[in-house]
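Participant: predicted structure and sequence below. I'll ask about it afterward.
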Amino acid sequence: MMSKPDDRRTASRPDPEPLAARRSEARAQLIPDDSISFLASLRLRMPAPIRLRELIRTIRTARTQAEEREMIQKECAAIRSSFREEDNTYRCRNVAKLLYMHMLGYPAHFGQLECLKLIASQKFTDKRIGYLGAMLLLDERQDVHLLMTNCIKNDLNHSTQYVQGLALCTLGCMGSSEMCRDLAGEVEKLLKTSNSYLRKKAALCAVHVIRKVPELMEMFLPATKNLLSEKNHGVLHTSVVLLTEMCERSPDMLTHFRKLVPQLVRILKNLIMSGYSPEHDVSGISDPFLQVRILRLLRILGKNDDDSSEAMNDILAQVATNTETSKNVGNAILYETVLTIMDIKSESGLRVLAINILGRFLLNNDKNIRYVALTSLLKTVQTDHNAVQRHRSTIVDCLKDLDVSIKRRAMELSFALVNGNNIRGMMKELLYFLDSCDPEFKADCASGVFLAAEKYAPSKRWHIDTIMRVLTTAGSYVRDDSVPNLIQLITNSVEMHAYTVQRLYKALLDDISQQPLVQVASWCIGEYGDLLVSGQCEEEEPIQVTEDEVLDVLEGLLVSNLSTPVTRGYSLTAIMKLSTRFSSVNRIKKVVSIYGSSIDVELQQRAVEYNALFKKYDHMRPALLERMPIMEKTASNGPTEIVQTNGETEPSAVEPKHPPLVTQPTNQANDLLDLLGGNDVVPVIQTTMPTKPASAGGELLDLLGDLSLTGGPTPVPAPSVPTSQPPFLLDGLSSQPLFNDIAAAGIPSMTAYNKNGLKIDFTFERANPNPNIAVITIHATNSTEAEMTDFVFQAAVPKTFQLQLLSPSSNVVPALNQGTVTQVIRVLNQQKQQLRMRIKLTYTHKGSAVQDLAEVNNFPPQSWQ
Amino acid sequence: MMQFMLLFSRQGKLRLQKWYVPLSDKEKKKITRELVQTILARKPKMCSFLEWRDLKIVYKRYASLYFCCAIENQDNELITLEIIHRYVELLDKYFGSVCELDIIFNFEKAYFILDEFLLGGEAQETSKKNVLKAIEQADLLQESQSEDWGSLPNEEIL
């Protein structure tokens, strides 16, 4: 018997059976090998491609990346020629090899069409490899994947269930929305079959279809009718998954399926109570996968529903008490049970049971269990605070765990548990944690400490001490907005000023590398330097320090390489402030004049201005550099709130890095306007800016960083946009503004602008509760025959006002007065000055861009008096 | 649902990748590289879970292979560990004391087994016996077809 020259057997394959041997015999060559070379020219057939396992073996012998690449390239070339030859016999082998090379990271896109050919083949091996290739190589973003649709449709109706299974699997794994739309009907049919092998796959395929095309969910509803009556666990499991998906997506479905609760409870009960079932047993527990999914579905069905919650109460208690906890599988079920108990309307006894389970988890040796416990406790700490408090010491112990994820969870949970009673003890632990934790935690921990201290500080001194501790141990990790927050806190703790400045000064002597500490310290020394040198501290032993020593330290900051530009700004300003508190004014004057020629533009500007203060405005200097008054706390959601300092209107976080130092006495308002070169406009602050959840100062920073006179519409949909749209908008049917200015404070409306067909009217209201805020609604209409697109309205007001521009109703002003664009402006006019406004309009009209500026001075007196 | 599963060696070589969400090849490569790096850097004492982007990663090492799954926030991490374990048991039963080499040389079979156990990122069959039976039957179908069709013998196809 002649064996074929390319006959190779893999080591893992058994010897061929007699049947195969006979076949080889039948394929014995009719022309002997020694005649091959002579007849080579007559043969058009290529030698059979190298086998998959042989290729894998060969590639693994490569000693370098380059060698591997060479082998791969050679084989790819061979495969490509083979594909070109349309060889049906070896296509399967070639695609399999391609998939192997693809896993190594090499491109394999030229095999995509071949996968489709394999899928279309009648041979099962071809289909298997073809579908596998499709799932690995085809991408729903390329149209070529749609060519699969017809094959899948045929295979879904194939006579062999394993072929149907392949099709369902592929569709359920990677079906695009278009494919799902085309094939949903077939899937629905198979969902009703009695063949459990197919039914379970169809259920998960339906889940995928619903995820891709949610509108199709309805069509699967009838088929779900008796899914839960199945005995087959595979079908039960996938059915529960399908029901869960439907309930999560549609409140109607949820209501509809609530009636299944008793049935689900029964199934779960059977699983727990039934004896040993070898088929589904995992460490003594019967089908934990199904149990977990049922518990999850019960959670969804029981949420916010008293009846359902009551119906499942018993079974939850039973699972919670009877489940074996020695292995992970039991704990997995308990975990899911706890989540369900906490989410539904369970009795308090059950809730306590759940928290106690979590408490036990915390003591488990298995770190995975501890992790999961901390995560769950974090979720429940708000609602069941007291119960979680009982486990506080265990939680705090977890701060010392070696695992990073556990530490983080423990930290978050610890902060959540801090209250007025345990603040001292907790803070000790947390500060210790702050000292020793990894850098990735320090910022969050520091912020947490500050927040907790602010809420629960037992005394001002304790508070300041805590802050000092954080600044000295984790000073470089505190967030930027901590600095202004701390400054405000210190300012408001009037009796602690001497103590604070002394401690900060001492800290500076030790270490000037931590910028936030240095910044806060500089600021304090600038403010309270007089208390420092006069040795007034009551809380601790006052230190002896001279004015020169203090100035040495501050000047040292200016020249040090460790100081950032921001820090330098702080220290220069602090030095300047000391000119009214210290007697060594000449020294200060010298320093200030030196920095008038600093390379750093910010420092230079400050120095020049301070110089000007010394020279031309010395009479103003004491008032300007006066001690800062108590600051009102800014609201934590920043941008719309306005904070008053010294009776002036100035957003307190305007320059978080440069505290509001230059205050403007009212009678000097106009002078200042002139001084600053007629730049009398204040930038407009939008409310609908990006809603990144930053902290207060940070958020404001983003806004101001972004500022130009943009009064235009932002495409970002802010989740909590206040009612910027008065109810009479957007119908576009009437050109007359349907406002009701009589019902408002009786302020007459006015035309602010009327040019080139664009007319802008202002209507007024008083905002409640603050009568100093005037709410102006602009109404823009267009009387020309062409619409105005990209319409942007911008406004600016003098510095003594605060202005806020909300989103416009649209940025297209329809032609021929067929509609109005409205936008709301809020103006805070603390000083009751006459309202003036400069507006800028830009729009596109008949293809060309139009821009216009105008002054609006004809505000009715009632709008600002 | 499970968004993807990766199997990789201790040297970071990918042995199997199953994606249940549509991503470009480039994105898949990036994610794989990042995750492999992250997981290989973890110490043995650390827990099997980590937060990564907006997903939860569950991983476990069996001999020289890391099994790594990405699940969504509502999914149960502990049961995912059981899923991974079940898959390893299935491979073990099929190959007989499975080792990394088996998965390297028979990766297509590893995929076939996975596709009988999970579908669309969820478990389709909770009985070990039924999964193995289905694979066995499919293999037999493949054998019998090649006999009937008179083409290459089954063991010579690939």
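Facilitator: That came through, no problem.
Participant: checking A:Glu632 next. Helix, strand or coil?
Facilitator: Classification of A:Glu632 using DSSP: H, G, I helix; E, B strand; the rest coil returns coil.
Participant: burial measure for it, as a count.
Facilitator: With neighbours defined by other C-beta atoms under 10 Å in any protein chain shown, the count for A:Glu632 comes to 14. Quick note: C-beta positions are derived from backbone N, CA and C, even for glycine.
Participant: now do B:Leu101
Facilitator: As a burial measure, the neighbour count of B:Leu101 was computed by other C-beta under 10 Å and equals 13.
Participant: can I assume it sits in a helix?
Facilitator: Yes. B:Leu101 sits within a helix when classified using three-state DSSP.
Participant: and the residue of chain B that's closest to chain A?
Facilitator: B:Leu78 (3.5 Å; C-beta to the nearest C-beta).
Participant: now the strands for chain A?
Facilitator: Listed in chain order, the strands of chain A (DSSP state E) span A:281-282, A:285-286, A:644-645, A:648-649, A:685-686, A:750-755, A:758-766, A:773-782, A:788-796, A:802-805, A:821-828, A:837-845, A:848-856.
Participant: tell me the contacts of A:Ala167?
Facilitator: A:Ala167 sits next to A:131, A:151-152, A:155-156, A:158 when contact means C-beta atoms under 8 Å, 6 or more residues apart in numbering or on different chains.
Participant: now A:Pro798: how far from chain B?
Facilitator: Using C-beta to the nearest C-beta, to the nearest Å, one obtains 46 Å as the distance from A:Pro798 to chain B.
Participant: so what pLDDT did that residue get?
Facilitator: According to the predicted model, the pLDDT of A:Pro798 comes to 84.
Participant: can I assume it is in contact with A:Gln834?
Facilitator: No. In terms of C-beta atoms under 8 Å, A:Pro798 does not count as a neighbour of A:Gln834; the distance is 9.3 Å.
Participant: what ranges do the helices span in chain B?
Facilitator: Secondary structure of chain B, counting by DSSP state H: helices at B:25-40, B:77-95, B:100-105, B:107-117, B:128-149.
Participant: tabulate those helices (a markdown table), appending mean pLDDT and distance to A:Leu204.
Facilitator: Written out in a markdown table, the entries for the helices of chain B read as follows (pLDDT from 0 to 100; distance: least, C-beta to C-beta, whole Å):
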| stretch | mean pLDDT | distance to A:Leu204 |
| --- | --- | --- |
| helix B:25-40 | 96 | 22 |
| helix B:77-95 | 97 | 14 |
| helix B:100-105 | 96 | 24 |
| helix B:107-117 | 98 | 11 |
| helix B:128-149 | 90 | 14 |
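Participant: CSV please, covering those and showing distance to A:Ser571.
Facilitator: Supplementary listing: the helices of chain B in CSV, determined by distance: least, C-beta to C-beta, whole Å:
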stretch, distance to A:Ser571
helix B:25-40, 42
helix B:77-95, 50
helix B:100-105, 62
helix B:107-117, 64
helix B:128-149, 71
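Participant: A:Pro798 and A:Gln834: which is more packed in?
Facilitator: In this comparison of A:Pro798 against A:Gln834, neighbours counted by other C-beta under 10 Å, the higher total goes to A:Pro798 at 18 against 13.
Participant: and the gap between the more buried one and A:Arg838?
Facilitator: The span separating A:Pro798 from A:Arg838 equals 9 Å under the rule C-beta to C-beta, to the nearest Å.
Participant: circling back to that earlier point, how about the helices of chain B, which one is nearest A:Met71?
Facilitator: Go through those one by one with C-beta to C-beta and the one that ends up closest to A:Met71 is helix B:100-105, at 15.8 Å.
Participant: mind saving the C-alpha coords of the closest one as PDB?
Facilitator: Extracted in PDB, the C-alpha atoms of helix B:100-105 (Å, rounded to 0.1, in the frame of the first residue of the first chain):
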ATOM      1  CA  GLU B 100      -1.900  24.300  28.300                       C
ATOM      2  CA  LEU B 101      -0.400  22.300  25.300                       C
ATOM      3  CA  ASP B 102      -3.800  20.700  24.700                       C
ATOM      4  CA  ILE B 103      -5.400  24.100  24.300                       C
ATOM      5  CA  ILE B 104      -2.600  25.300  22.100                       C
ATOM      6  CA  PHE B 105      -2.800  22.400  19.700                       C
END
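Participant: and it, which residues are buried?
Facilitator: B:100, B:102-105 (16 or more other C-beta atoms under 10 Å in any protein chain shown).
Participant: next one: stretch B:54-74
Facilitator: B:55-60, B:62, B:65-71.
Participant: re earlier: so what's the residue of chain B closest to chain A closest to, chain neighbours aside?
Facilitator: The spatial neighbour of B:Leu78 that comes closest, neighbours along the chain excluded (C-beta to C-beta, 6 or more residues apart in numbering or on different chains), is A:Ala332 at 3.5 Å.
Participant: same question, A:Asn304
Facilitator: Using C-beta to C-beta, 6+ apart, the nearest residue to A:Asn304 is A:Lys345, at 7.1 Å.
Participant: ok, back up a step: which among the buried residues of helix B:100-105 are in contact with chain A?
Facilitator: Judged by C-beta under 8 Å from any C-beta of the partner chain, the overlap between the buried residues of helix B:100-105 and the neighbourhood of chain A comprises B:104-105.
Participant: show me which of the buried residues of helix B:100-105 is closest to A:Phe415.
Facilitator: Of these, the one sitting nearest to A:Phe415 (C-beta to C-beta) turns out to be B:Glu100, at 43.8 Å.
Participant: what sits against the closest one?
Facilitator: Contacts of B:Glu100 were listed using C-beta under 8 Å, 6+ apart, and they are B:9, B:15, B:63-65.
Participant: how near is the residue lying closest to A:Leu816 once chain neighbours are set aside to chain B?
Facilitator: Excluding its sequence neighbours, the residue lying closest to A:Leu816 (C-beta to C-beta, 6+ apart) is A:Glu785, at 6.2 Å. As for A:Glu785, its distance to chain B is 48 Å (criterion: C-beta to the nearest C-beta).
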